[in-house]
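Trainee: what follows is a predicted structure for the sequence shown.
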Amino acid sequence: ERERELSRCLAAILRREPAALQLLCELVPRSDPSALEPALRAVADAAGEEAAARLAGLLPLVDDAARAVVLSELERAAVRGSGLDDLGVSDLVRTQLGSLDRGLTVLACGVLEKLRDHGAVPDLIVLLGDDDRNVRDRAHTALVRLTGLTFAPEEEPWLAWLDEAMAWWDTRSEACRAAVRSVRRGMGSDVASS
């Protein structure tokens, strides 16, 4: 009940005074654990399109227990599609893949999946060799959902696929770049003539 009341109070303050959002973000790392979840939920709800970036910016500032709550709110923001154009969000979440707290690694896998972070695929493949079964399972689920591929939850087939994809790009990258430049030049002359 207390947390619900705090959530309502924070939401009301942030509706009346949007500048309080920055202050709340600054206070989160020093928050009492019982106030952490309502504070982060208020940040996520009030920040709109900046929600994911604001939440991700808190990851290096808080302890592991608070990071779990931040990652949960980040996943909620990702589902809503808030602030997902900020590439820094994925970078900050990816740092959690190497956490000693394997629960944070599992949460980070879920957030990266929801962020549709295809750049995390190599890191997720590495996690298929992790000692923790929950980490391996969550990394595999994220890989399947990000790539649409259904390889076994083992590193070897995923690494072979990644190597093949990289080799394809290495052999065709210059031709692709030239084609894009050519199309852009053609579009520029069309625009200039209209």
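Mentor: Perfect, I can see it now.
Trainee: Pro157 against Phe151, yeah?
Mentor: Yes - counting by CB atoms under 8 Å, Pro157 touches Phe151, with 4.0 Å between them. Every residue, glycine included, has its C-beta placed from N, CA and C.
Trainee: show me where the protein has strands.
Mentor: For the chain, no strands are identified by DSSP state E.
Trainee: ok, back up a step: between Pro157 and Phe151, point out the one with more neighbours.
Mentor: Set side by side, Pro157 and Phe151 show unequal neighbour counts under other CB atoms under 10 Å, the larger going to Phe151 at 18 against 15.
Trainee: what are the phi and psi values at that one?
Mentor: With angles defined as degrees, to the nearest 10, Phe151 shows backbone torsions of phi -70, psi 160.
Trainee: how close does it sit to Leu127?
Mentor: Distance of Phe151 to Leu127, given as CB to CB, to the nearest Å: 14 Å.
Trainee: name the helices or strands packed onto the lowest-mean-pLDDT helix or strand in the chain?
Mentor: Confidence across the helices and strands of the chain bottoms out at helix 155-193, with a mean of 77, counting by mean pLDDT, DSSP states H and E. Contact analysis of helix 155-193 by 3 or more CB pairs under 8 Å, 6 or more residues apart in numbering; DSSP states H and E lists helix 121-127 as its packing neighbours.
Trainee: which residues are in contact with the helix it packs on?
Mentor: With contact meaning CB atoms under 8 Å, 6 or more residues apart in numbering, helix 121-127 is reached by 94, 97, 105, 109, 112, 135-136, 138-139, 142-143, 146-147, 155, 158-159, 162.
Trainee: my guess is Ala68 contacts Gly103. True?
Mentor: Yes - proximity of Ala68 to Gly103 meets the contact threshold set by CB under 8 Å, at 6.4 Å.
Trainee: nothing else from me, thank you.
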